[in-house]
Structure formats: C-alpha cells, structure tokens
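# give me a 3D structure for the following:
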Amino acid sequence: MKNLNKNLKHLRIRKRLSQARLSARIGIGASSISAYEHKRSTPKISTLLKYSEYFNRKLDDLVKEDIEISDREQNQDTKGTNLRVLPILVDDKNDEMISLVPAKAAAGYLNGYSDAEFISELPNFRMPFTELSENKTYRAFQIEGESMLPVAAGSYIICEYVQDWELIKNDTCHIVVTNEDGIVYKRVQKDFENNQLVLISDNKEYLSFEVSLNQIQEVWKALGFVSFQLPEINK
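So this is what the prediction gives:
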C-alpha cells in the first residue's frame, strides 16, 4: 500500500479537482481526503471502491501500482498506425451515413463504439452541407452540462473523426471519448511528452484536467453544432 496515498493524490490532481470538489463528487469528507493523501489515515475498502468507481481504476492498481509512472509508460499510438477501424453505415448509394449519439446513448457508446450492430441501431442520416467531404467520417454527439457555454447543454456537435492525434491543433474543440470520463466536449491541448491531453472548458467556472492517452478511445474534431435553444435578448 506504499503508493496508495500518492495514487489518490495523483488521480485527483490530474482531474484538477480540489479536495472539496472531489469530496462533493464521491461523498467522502474533504478532511478525510486530505488525511489519505498525507498518510495520516488509511481508507476503508468501501471508500476505495468509491475512488475506484469514480476514477475507473482497479482496486489492485490503486493499492499496488505507481499509477503516475504506469500512465506515462503506457504510450499510445498517437499517429493512428494501429488504431482501430471505425464501423460505419452506408446508404443504398454506398454513401457514408452520419451516426448520431444522443445523450441517453452515451453510456452505451462506451461499450459499443466498435460494434457495428450497436452503431447501426443509432440514428443515422445524411447532411447536405458542402463543408462536409465525402471522403471523411463524421459523427454527431449530443452534449450535456454547461462546461462549454455558450454552446448549450443538449446541443449536437458535428464532428470529423481524427485518426492521427498528432494533427490535433491546440486550443481547438473536440469530442474525446475516454474510459474514465465518457464522452466529453472540450478544447484540447496536446501534452504527448507526458502521454496525455489537457481538456479545457470554455466556461471558466469549470477546471481543466488531464486525461492519459491510454484512457482515450476516440477523438473527434468539432466542426459545428446544432442547437434548439435560441439566444434570448437581454432587456
């Protein structure tokens, strides 16, 4: 258990959470979190299970591994040489369709993103916009929350698939699909030296956080959005 306190602190800081904010999210007192990180106290199994579930890490990893080192050592193929091929659908003219991932399907997408049958059950459609090329793969994701205001919760982000992560331009908006955080819409900064991306909210009330490359399943470049919340005039 020699790395436990270090691991708990590393996971919290990597998400850029204060002890108080982590306390609110997992239901553990901030004073207890401080005690665990400074080795003044050892968490019970029930408490470790809360950490394990929230950070999507195995109990063995929390207790035995040095997570900070293992995250850096598990280098991802950023060029996309070995990244998987996406399942896609085509219409009767053999033109590729755009799959829509509504918010209610987000949890299922984490398990079914590579399953052609799951993708076929999503809403699939065509968009007649000249900005969309026939030679690229697109997907639309419905977002939740207010971290990217003025793009409102419930908006649909139209995206282009990014196979080569080294082509990501810093401070541009992307949908990032991760094991740990699910489907998130953020501005992205590359930090390949530390084997991670930094995800930044436009709403400054939300802290930015890092995500390890080995936790990332897909990256989609945001091209535009559709919203059914029309702007209101301040009187």
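# neighbouring contacts of stretch 161-170?
With Cβ atoms under 8 Å, 6 or more residues apart in numbering as the test, stretch 161-170 has contacts from 76, 78-80, 83, 86, 136-139, 174, 188-190, 192, 197, 213, 218-221. Backbone N, C-alpha and C define where each C-beta goes, glycine included.
# now the strands: where do they sit in the chain?
When assigned using DSSP state E, the strands of the chain occupy the ranges 98-101, 124-125, 138-142, 156-161, 172-178, 182-191, 196-200, 209-212, 216-226.
# so which of the ones you listed comes closest to residue 46?
Closest of the strands of the chain to residue 46 is strand 182-191, at 23.9 Å (criterion: Cβ to Cβ).
# buried residues in that closest one?
By 16 or more other Cβ atoms under 10 Å, the buried positions in strand 182-191 come out as 183-190.
# tell me the gap between that strand and the middle of its chain.
When distances are taken as Cα atoms, centre = their mean, to the nearest Å, strand 182-191 is centred 6 Å away from the chain's centroid.
# helices or strands up against it?
Secondary structure elements in contact with strand 182-191, counted by 3 or more Cβ pairs under 8 Å, 6 or more residues apart in numbering; DSSP states H and E, are helix 106-112, strand 172-178, strand 196-200.
# partner strands of it, parallel or antiparallel?
Strand 182-191 sits in its sheet next to strand 172-178 (antiparallel), strand 196-200 (antiparallel), going by DSSP bridges.
# who touches that strand?
Here strand 182-191 makes contact (Cβ under 8 Å, 6+ apart) with 101, 106-107, 109-110, 141, 143, 147-148, 151, 157, 165-166, 168, 170-178, 197-202, 208, 210, 219, 222.
# point out where the chain drops to low pLDDT.
Scanning the chain for pLDDT under 70 picks out the ranges 71-75, 83-85, 235.
# domains for this protein, by residue range?
Domain assignment of the chain by automatic domain parsing yields the ranges 4-73, 98-226.
# could those domains go into a markdown table alongside distance to residue 92?
A markdown table is the format used below for these (distance: least, Cβ to Cβ, whole Å):
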| stretch | distance to residue 92 |
| --- | --- |
| domain 4-73 | 40 |
| domain 98-226 | 11 |
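# ok now stretch 104-122, how far from the chain's centre?
16 Å.
# stretch 182-202 now?
That offset, for stretch 182-202, works out to 8 Å (Cα atoms, centre = their mean).
# tell me the contacts of residue 152?
Neighbouring residues of residue 152 by Cβ under 8 Å, 6+ apart: 146, 227, 229.
# now the second one: how far from residue 152?
Yep, that's residue 227 we're talking about. 6 Å (Cβ to Cβ, to the nearest Å).
# buried subset of the contacts of stretch 161-170?
76, 78, 80, 83, 137-139, 174, 188-190, 197, 213, 218-221.
# now the helices for this protein?
4-14, 19-26, 30-37, 45-55, 59-64, 67-73, 106-112, 116-121 (DSSP state H).
# between those, which gets nearest to residue 97?
Nearest of the helices of the chain (Cβ to Cβ): helix 116-121, 9.5 Å.
# pull the CA atoms of the closest one into PDB?
Output in PDB follows, covering the C-alpha atoms of helix 116-121 (Å, rounded to 0.1, in the frame of the first residue of the first chain):
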ATOM      1  CA  ALA A 116     -21.200  -2.400 -36.000                       C
ATOM      2  CA  GLU A 117     -24.500  -3.700 -34.700                       C
ATOM      3  CA  PHE A 118     -24.700  -1.000 -32.000                       C
ATOM      4  CA  ILE A 119     -23.800   1.700 -34.500                       C
ATOM      5  CA  SER A 120     -26.500   0.500 -36.800                       C
ATOM      6  CA  GLU A 121     -29.100   1.000 -34.100                       C
END
